[in-house]
Structures are given as structure tokens and as C-alpha cells.
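>>> What follows is a protein structure lacking sequence information:
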């Protein structure tokens, strides 16, 4: 599926005066399937899940949106890119779509948005949403254990960040994506072309260094977000590709120790984007872990 085909599969929905790109497998609300809401990772977008949809949609109404600064959503320069604000945009979107109960799945960047939502659930602040379960996939929630890539470190720096963002190109994206796959041959040029098209949409390079600041927020809000996981009563599935060179397996193992109601499901011979590298195995593991 190319970038324009993915765009045609979704719609733009205005939330708080910003446009979010949203894929909703049952936007007409014609089925009674349980809802699966997905929070995507960095630096990609909702397109990460296009190959999983035939499997997931057999069981769920699947709703995925591009966070602000990503994909086909707006990419304002005058925005904080604070993960707490990103969580509020997600919650407001789901309320607008009439979603009042759902299973939540999050990957990478999205896992920190998910932990903020869990913190608000612990505080009884989710007035319009009941979480049935949460699945966390390959995210550096324990940021102190993460193996950050060089480009992430450069983008984080206030001096080099804007320069590296402006100089980024498709070759840079290709190299960095291939390096975090277990099997480099599993990512196709057409997928890279599509992801790059969506990254530069709305002048995305201008905010790339801003979106990367989420890494610092994982340190700033560590106590809140790790604390939320330790005290939640929600059922948490930890679904982890074992060969992720960034969100390493030690993070998953520590989360499993800390979270009272958690299951740890490990996937062999997969890297940081298991939903693209082996969509059938990953999707079936999601369905099985949620026990639908």
C-alpha cells in the first residue's frame, strides 16, 4: 500500500482546532466488535499497522490516529509536543468518535502516551473511557535501559537537533529503519517511500527535532508513568519483540516484574517494528493476548 492509498483509507478529524488523520475500520459503526485503539510509535505513523489490519479487523473495530507532528496529521511549530497533551488529544478524539470502552495498544512513543492515560485512569479522570485492557509493545518506558540511536541523540540536542532535522532524507530513514529490524530484507522500498512521504508531509522535517523531545519527557515524568504502571488495576499485556536493539528485552522483563496484573509475551527473531516485520505473527499474538 502506498502513501496516497493509506491517506484514502482514513479521514481528517478536527480536535481542538487541529486536524488528526484517523483510520477507523468501522467509522459507520455497523458492527458490535470490541474496539481496539492504537497509539503508534516514532518517527512513523498509523501506516505501521497497514499489514496487520486483515487480521485485527476480524476481531476488532480498529482505530488508529497519527499523533500531532506525525503522518498526515497537522505538524504545528507552535505546539509543545508534550506527551501529556498528546494523550489529551487522543482522549478527545476517542470521545468524539463515541468510543466509551476499548482495548488500548501502544508501541514505542505511544507507550508513554498510554502510561499517561493509565495514570489518569488511576486518578479516576477517564470520565468518557473505560479501558478493558492495555497492551504495551516495544517502547523504552524504562528510558534508563534504552539503547538510543545516534540520530536520536543528535535530534535531542538543542543545537544539532534543528540542523539534523533539516538535513534528514530518505537515505537516513532507510538506514535507521533497517538497523532496528531483525531481518533487514523485511522492509520494502515501497514501505520506506510511503513512510518518507508521510514524514515530510506538512513540512514534517521542521518539527522532527521537536517531536524527539519525548525522550527527555520520559525522564521528567518517570515517577508518574512508572508509578502508574506499578499501581494500576488494569490487565496489562507486555508484547515484546526480543531482538529490538532500542527498546531492549530487559525493559519488558522489568515491566513484567513491576506490574501486578501483567502477562509477558515474547516474539523471537523480530526487531523494533514487529507489526511490519511479521504482521501475521504479531497480530495473532495481540488477539491471543487480549483473549478475544
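Looks like it came in fine. Computed from a prediction, not measured in an experiment: that's the story for all the values here.
>>> Excluding chain neighbours, what is closest to residue 266?
The shortest distance from residue 266 to any non-neighbouring residue, by CB to CB, 6 or more residues apart in numbering, is to residue 242 (5.2 Å). (C-beta placed from N, C-alpha, C; glycine too.)
>>> Pretty sure residue 34 sits against residue 99.
No. Residue 34 is beyond contact range of residue 99, at 10.5 Å (criterion: CB atoms under 8 Å).
>>> and the residue lying closest to residue 183 once chain neighbours are set aside, what does it touch?
Closest residue in space to residue 183, ignoring its immediate chain neighbours: residue 277 at 6.5 Å, by CB to CB, 6+ apart. Contact analysis of residue 277 by CB atoms under 8 Å, 6 or more residues apart in numbering lists 181-183, 186-187, 241, 270-271.
>>> Next: residue 190.
Contacts of residue 190 by CB under 8 Å, 6+ apart are residue 2.
>>> okay, it: pLDDT?
As summarised for this prediction, residue 190 has a pLDDT of 95.
>>> How about residue 292?
Looking at residue 292, the pLDDT reads 55.
>>> Residue 161 now?
pLDDT, residue 161: 87.
>>> Was I right to think the residue nearest to residue 266 contacts residue 248?
No. Between residue 242 and residue 248 there is no contact under CB under 8 Å: 9.2 Å.
>>> Isn't residue 72 up against residue 9?
No. Taking contacts as CB under 8 Å, residue 72 lies outside contact range of residue 9: 10.7 Å.
>>> which residues touch the closest residue in space to residue 218 that isn't next to it in sequence?
Distances taken as CB to CB, 6+ apart put residue 143 closest to residue 218, at 3.9 Å, once the chain neighbours are dropped. Residue 143 makes contacts with 215, 218-219, 222, as judged by CB under 8 Å, 6+ apart.
>>> what's the answer for residue 227, then?
Counting by CB under 8 Å, 6+ apart, residue 227 has contacts residue 119.
>>> List just the nearest of the contacts of residue 143 to residue 265.
residue 218 (23.0 Å; CB to CB).
>>> tell me which element residue 282 is part of?
In this assignment (DSSP states H and E), residue 282 forms part of helix 279-290.
>>> Which positions in that helix come out as buried?
279, 281-283, 285-287, 289-290 (16 or more other CB atoms under 10 Å).
>>> swap in stretch 236-247?
236-244, 246-247.
>>> ends of that stretch, how far apart?
Start-to-end span of stretch 236-247 (CA to CA, to the nearest Å) is 17 Å.
>>> Now it: average pLDDT?
So the average pLDDT for stretch 236-247 ends up being 97.
>>> same thing with stretch 122-135?
On average, stretch 122-135 scores 96.
>>> So residue 141 sits against residue 228, correct?
No. Using CB under 8 Å, residue 141 is not in contact with residue 228, being 10.4 Å away.
>>> Show residues contacting the helix holding residue 282.
Against helix 279-290 from outside (CB under 8 Å, 6+ apart): 36, 51-52, 55-56, 59, 103, 105, 133, 135, 237, 239, 241, 263, 265, 267, 270, 274-275.
>>> thinking again about what came up before, out of the contacts of residue 277, which are inside helices?
Per DSSP state H, helices hold no members of these.
>>> could those go into JSON lines alongside distance to residue 196?
Output for the contacts of residue 277, formatted as JSON lines (distance: CB to CB, whole Å):
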{"residue": "181", "distance to residue 196": "16"}
{"residue": "182", "distance to residue 196": "22"}
{"residue": "183", "distance to residue 196": "21"}
{"residue": "186", "distance to residue 196": "17"}
{"residue": "187", "distance to residue 196": "12"}
{"residue": "241", "distance to residue 196": "23"}
{"residue": "270", "distance to residue 196": "23"}
{"residue": "271", "distance to residue 196": "19"}
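>>> Among these, give me the pair with the biggest separation.
Checking the contacts of residue 277 with CB to CB, the most distant pair is 187 and 241, at 13.9 Å.
>>> Looking at residue 34 and residue 99, which is more packed in?
residue 99 (19 against 15; other CB atoms under 10 Å).
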